[in-house]
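J.: Show me how the following folds:
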Amino acid sequence: MKKRTALLLLGLAAALVLTPPAARAADPLPGSVPSEAVTVTPVPAGTGVTVRKVSFLRSNHIVLAGNLFLPPDFDPAKKYPAILSVHPAGSVKEQSSGLYAFLLAGRGFVTLAFDSTYAGESGGEPYASEMPWDRIEDIRYAIDYLDTLSFVDPHRIGALGLCAGGGYVIGAAPTERRIRAVAGVSAADIGAANRESWLGGRPIAEQIRILEDVAEQRTREAQGAPLRMLYMCPEPDAHTAPSFREGYEYYRTARAYHPRADNRFLYRSQASKMAYSAIENSALLTQPVLLIAGSRADSKWQTDRFYAALPEGHKEVYIIPGASHIDMYDKPQYVAPAVDKLADFFTKSLAAE
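T.: Model (predicted):
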């Protein structure tokens, strides 16, 4: 099975692309590939996995768009365990979350990768907002959608998140009890990462300075100035953290560039991110939790903090030797063992009663 997973990952270039015309097509970025050449959600022939384009309604008349992956030999008369796959901040369903959703579907799960509000093909304005509480609500509505599918067992739903998506599923699960098992890959608390900085240690005075700047920008926008957009992973320099240096290479070059993910975010979202904490209600998170991180990840301090905040019980940290934070998004030698571990974890945690 490990060899099969590795071969599938290595065959990304030959994958089929199941992406309809963009609802919001971004201008191509320097070093990117044309949209028609993008191959980032693989559904290779011969795997038996199929994918359906789906959409579902959440609050405020916002439509969320997703890819629903069905396992080999899918039988609509059966009841399957299901897994949500939640993408990082600034990402879309065709990138890392779609890759993990596809690979886990190959292990027998129904999986759903979807674009969050304000991102990709999903609705919501202003575009490119990163609003943590909306991301939490997206997860709840995605579970609502899975609950409408006759072939999904509503008592066997798990949630997986990558980077900020990992923090969002950890933030949602304590009060969303339909999530029966939680996993994070390179999990990050977007609140802590923006308050304390990605590498930690940002003093309170600097945090306040950032918030004052955001407040002034919001006032300018209220008075008619254009919305300020920033790159999440700008061109790196000598002071750039490793994850953002690698993030530039992942998101803004041919490696994983997608025309609906230009890697920019709305600057005024910074205040909402800094107000959020993924571990605020962690004492209520009694479901099984698996945290996967690379041994070289500069975000590992966040994995350690998640683990320490969770109550004693079924919680585990699994380290992938040699991997960085971004390596876990798509590199075969690191994704393959992560998927093996995730499949085992969800198989046991979502076993039929």
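
J.: Chain neighbours aside, what residue packs nearest to the residue nearest in space to the middle of the chain?
T.: For the chain, H87 is the residue whose C-alpha lies nearest the centre (CA atoms, centre = their mean; 1.7 Å). Excluding the flanking residues, the one nearest H87 by CB to CB, 6 or more residues apart in numbering is S97, at 3.8 Å. In short, each C-beta sits where N, CA and C put it, glycine included.

J.: Contacts only, for the residue nearest to the centre of the chain.
T.: Residues in contact with H87 (CB atoms under 8 Å, 6 or more residues apart in numbering) are K93, Q95, S96, S97, G98, A113, D115, S116, A119, L162, G165.

J.: May I ask which of the residues you listed has the most neighbours?
T.: Highest neighbour count within these: S97, with 32 neighbours (other CB atoms under 10 Å).

J.: Just the pLDDT at it, thanks.
T.: Each residue has a pLDDT score; the one for S97 is 97.

J.: swap in A238?
T.: A238 is assigned 89 on the pLDDT scale.

J.: Then the one 10 residues further on?
T.: For Y248, the model assigns a pLDDT of 95.

J.: what about it, is that helix, strand or coil?
T.: Three-state assignment for Y248 (DSSP: H, G, I helix; E, B strand; the rest coil): helix.

J.: Tell me how many other residues surround it.
T.: Count around Y248 with other CB under 10 Å applied: 21.

J.: Please list all residues in contact with it.
T.: Y248 sits next to C233, P234, E235, P236, T240 when contact means CB under 8 Å, 6+ apart.

J.: From these, keep the buried residues only.
T.: Using 16 or more other CB atoms under 10 Å as the burial test, these include C233, T240 as buried.

J.: can you redo the contacts of Y248 as a markdown table with distance to Y276?
T.: Shown next, in a markdown table, are the contacts of Y248 (distance: CB to CB, whole Å):
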| residue | distance to Y276 |
| --- | --- |
| C233 | 20 |
| P234 | 22 |
| E235 | 27 |
| P236 | 26 |
| T240 | 24 |
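
J.: Please identify which of the contacts of Y248 is nearest to A128.
T.: A128 has its nearest neighbour among those in C233, at 13.7 Å by CB to CB.

J.: Quick check: which element contains the closest one?
T.: Using DSSP states H and E, C233 sits within no helix or strand.

J.: Tell me if I'm right that it and R252 touch.
T.: Yes - using CB atoms under 8 Å, C233 makes contact with R252 at a distance of 6.4 Å.

J.: what do the two both touch?
T.: In contact with both C233 and R252: N263, using CB under 8 Å, 6+ apart.

J.: Do you have the strands of this protein handy? List them.
T.: Ranges of strands in the chain, per DSSP state E, are 50-57, 63-70, 80-86, 110-114, 152-162, 181-185, 229-231, 264-266, 289-294, 315-320.

J.: For D304, which of these is the nearest?
T.: Closest to D304 of these is strand 315-320 (CB to CB; 7.8 Å).

J.: Next, the angle strand 289-294 makes with that closest one.
T.: 20 degrees (axes from the mean of the first three to the mean of the last three CA atoms, to 10 degrees).

J.: average pLDDT across strand 315-320?
T.: 98.

J.: Buried residues of it, list them for me.
T.: Buried residues in strand 315-320 (16+ other CB under 10 Å): K315, Y318, I320.

J.: Tell me how far that strand lies from the chain's centre.
T.: Between the centre of strand 315-320 and the centre of its host chain there is 18 Å, according to CA atoms, centre = their mean, to the nearest Å.

J.: ditto for stretch 340-353
T.: Chain-centre distance of stretch 340-353: 20 Å, with CA atoms, centre = their mean.

J.: List the buried residues in that stretch.
T.: Result for stretch 340-353 [16+ other CB under 10 Å]: buried residues K341, L342, A343, F345, F346, S349, L350.

J.: Mind exporting the C-alpha coordinates of that stretch to PDB?
T.: C-alpha atoms of stretch 340-353 as PDB (Å, rounded to 0.1, in the frame of the first residue of the first chain):
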ATOM      1  CA  ASP A 340      -0.600   5.800   5.800                       C
ATOM      2  CA  LYS A 341      -0.800   7.200   9.300                       C
ATOM      3  CA  LEU A 342      -4.000   9.100   8.700                       C
ATOM      4  CA  ALA A 343      -5.700   6.200   7.100                       C
ATOM      5  CA  ASP A 344      -4.900   4.000  10.100                       C
ATOM      6  CA  PHE A 345      -6.000   6.700  12.500                       C
ATOM      7  CA  PHE A 346      -9.400   7.400  10.800                       C
ATOM      8  CA  THR A 347     -10.100   3.700  10.200                       C
ATOM      9  CA  LYS A 348      -9.800   3.000  13.900                       C
ATOM     10  CA  SER A 349     -11.400   6.200  15.100                       C
ATOM     11  CA  LEU A 350     -14.300   6.100  12.700                       C
ATOM     12  CA  ALA A 351     -14.900   2.300  13.000                       C
ATOM     13  CA  ALA A 352     -18.600   1.300  12.900                       C
ATOM     14  CA  GLU A 353     -20.100   0.700  16.300                       C
END
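
J.: Contacts for that stretch next, please.
T.: So stretch 340-353 is in contact with 1-2, 5, 81, 83, 100, 104, 107-109, 153, 155-158, 160, 180-181, 183, 185, 287-288, 290, 292, 314, 316, 318, going by CB under 8 Å, 6+ apart.
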